[in-house]
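Undergrad: Whatever this is, show me its structure:
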Amino acid sequence: MFYTYFLLYFIYSIIGWFLEVGLAFYEHKKFVNRGFLIGPYCPIYGVGCLLLTILLSKYINEPGVIFAFSIFICATLEYLTSYLMEKIFKLRWWDYSNMKFNINGRICLETLIPFGIIGVLAVKYISPFLINTINSINFNVLVIINIIILSILITDILISFNVVFNLKNVTRNLNKDSTEDIKKAIYKFIHNNIFMYNRIVKAFPNMKKIINEQKKRNKDIISKIKKKKTSSSKKD
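TA: Numbers count the residues shown, from 1 in each chain. As a prediction, the model looks like this:
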């Protein structure tokens with residue numbers, strides 16, 4: 001059953017990515033590779049739909065119950081994901097503060113109602129179809145598919161985490177008191193990670209504000225070093 005659920009999770013992650021990209025295209029009139037990871041998948045959708053499938057399948061003939069529980073489960077998942085990612089990365093990945101009926105900018109009613117509808121569709125129609133389709137695959141083939149997908153996801157997660165941590169800590173590990181060293185470290189990171197840097201910033205518009213704040217901090221550090229060097233020169 002694990003292999004079935006894991007592949008189901010991955011399929012829903014891909015469906016979620018298409019939904020996010022479609023909404024972003026509608027809003028910005030251009031393609032934006034949404035999601036935290038590099039590949040075309042949004043894990044939060046996979047986790048959410050998998051939870052709904054496992055927890056709510058017994059209510060398959062009660063769409064009202066599925067709708068209500070889907071909103072509650074998705075709200076909890078989205079809030080916790082936002083909270084944990086902010087604690088881990090010290091960054092706010094999405095913010096609904098400007099929308100009505102929001103809680104701490106992490107969740108809002110406007111986005112949760114569509115999740116309730118998606119939950120009904122997933123539990124009643126999509127999941128049963130996908131599970132039957134997956135179970136029709138030869139077991140050995142299914143295992144190989146799972147191993148390949150897991151390898152891709154782990155690699156993607158490692159790369160993405162590394163880039164985001166470096167965006168935040170680009171000057172933290174500098175020990176030398178040198179303006180040029182700081183500049184080189186920043187430029188080297190941007191040059192070596194230009195694809196992922198642009199990809200993360202475009203996927204999460206709120207990141208632009210974070211990057212600008214980081215640039216300001218970098219300038220302040222450089223300015224302090226220059227003053228310190230000038231002061232030292234005068235003493236000499």
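
Undergrad: Would you mind measuring from the closest residue to Arg34 other than its chain neighbours to Asn98?
TA: Setting aside the residues directly before and after it, Arg34 is nearest to Glu20 in space (Cβ to Cβ, 6 or more residues apart in numbering), at 3.7 Å. Using the backbone N, CA and C atoms, a C-beta is placed for each residue, glycine as well. Separation of Glu20 from Asn98 (Cβ to Cβ, to the nearest Å): 19 Å.

Undergrad: Please say which of the two ends up with more neighbours.
TA: Each of Glu20 and Asn98 has its neighbours counted (other Cβ atoms under 10 Å); Glu20 has more, 19 against 8.

Undergrad: So which elements touch the helix or strand in which the more buried one is found?
TA: Per DSSP states H and E: Glu20 is located in helix 2-28. The contact analysis (3 or more Cβ pairs under 8 Å, 6 or more residues apart in numbering; DSSP states H and E) places helix 2-28 against helix 43-56, helix 127-135, helix 139-169.

Undergrad: Could you check that helix and say which residues are buried?
TA: By neighbour count on 16 or more other Cβ atoms under 10 Å, the buried set for helix 2-28 is 3-4, 6-13, 15-17, 20-21, 24.

Undergrad: Repeat that for stretch 104-119.
TA: Here stretch 104-119 shows Arg106, Ile107, Cys108, Leu112, Phe115, Gly116, Ile118, Gly119 as buried, counting by 16+ other Cβ under 10 Å.

Undergrad: now those in TSV, with distance to Ile145?
TA: TSV is the format used below for these (distance: Cβ to Cβ, whole Å):
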residue	distance to Ile145
Arg106	34
Ile107	34
Cys108	36
Leu112	33
Phe115	28
Gly116	31
Ile118	25
Gly119	26
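
Undergrad: Lovely, talk soon.
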